[in-house]
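Peer 1: Sequence first, predicted model second:
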Amino acid sequence: MQHRAFLLLALLALLALTSTVAKKKDKVKKGGPGGECAEWTWGPCTPSSKDCGVGFREGTCGAQTQRIRCRVPCNWKKEFGADCRYKFESWGVCDGGTGTKARQGTLKKARYNAQCQETILVMKPCTPKTKAKAKARKGKGKD
């Protein structure tokens, strides 16, 4: 008889505990971010110091405003922003007239509703020929 009473008491305690947890989850959903608002508009990630690292992104939805932590990579390309992700082709051949080479990137993902260009063109200086020749000479001496 004592075992049945203990099992009944344990079952009631378990039911009470699960109902309490369910009520807490409902409160979190109602008061959490986006609980009343469906469409948040997020601004760019603004670093706290310098031009990269940890910072904040501000979002608005109607009269509500929120700030969330974000991070700007230190190797990001400022021309197209840290929230625009591109898939790049291989680097093209060196243009002797300008001394640069180029490659094109196609938009892969725009985060936080960022305004991104569909395609971009990135250029960089050509590497000096002396480095390429020095690497070739090192490889020949190993045979």
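Peer 2: Nice, thanks for sending it over.
Peer 1: Spit out the contact partners of R85.
Peer 2: R85 makes contact with L107, K108, K109, A110, R111, according to Cβ atoms under 8 Å, 6 or more residues apart in numbering. Just so you know, the C-beta spots here come from the backbone N, C-alpha and C atoms, and that holds for glycine as well.
Peer 1: For the nearest residue to the fourth one once chain neighbours are set aside, give me the backbone phi and psi.
Peer 2: Nearest residue to A110 in three dimensions, chain neighbours excluded: C116, at 4.5 Å (Cβ to Cβ, 6 or more residues apart in numbering). C116 adopts backbone torsions of phi -120, psi 150, taken as degrees, to the nearest 10.
Peer 1: how much space between C116 and E58?
Peer 2: 19 Å (Cβ to Cβ, to the nearest Å).
Peer 1: picking that back up, with respect to pLDDT, which of the contacts of R85 ranks lowest?
Peer 2: Within the contacts of R85, R111 has the lowest pLDDT, namely 83.
Peer 1: What is the neighbour count of the residue nearest to it when sequence neighbours are not counted?
Peer 2: Nearest residue to R111, sequence neighbours excluded (Cβ to Cβ, 6+ apart): D83, at 4.4 Å. When neighbours are defined as other Cβ atoms under 10 Å, D83 has 21 of them.
Peer 1: first to last residue in stretch 68-85, what's the distance?
Peer 2: 20 Å (Cα to Cα, to the nearest Å).
Peer 1: Any buried residues in that stretch, and which?
Peer 2: Judged by neighbour count (16 or more other Cβ atoms under 10 Å), stretch 68-85 contains these buried residues: C70, V72, F80, G81, A82, D83, C84.
Peer 1: got any ranges where the chain has weak pLDDT?
Peer 2: Applying pLDDT under 70 to the chain picks out residues 1, 6-8, 11-35, 75-79, 129-143.
Peer 1: Show me this protein divided up by domain.
Peer 2: Domains of the chain are assigned by the TED database as 36-73, 75-129.
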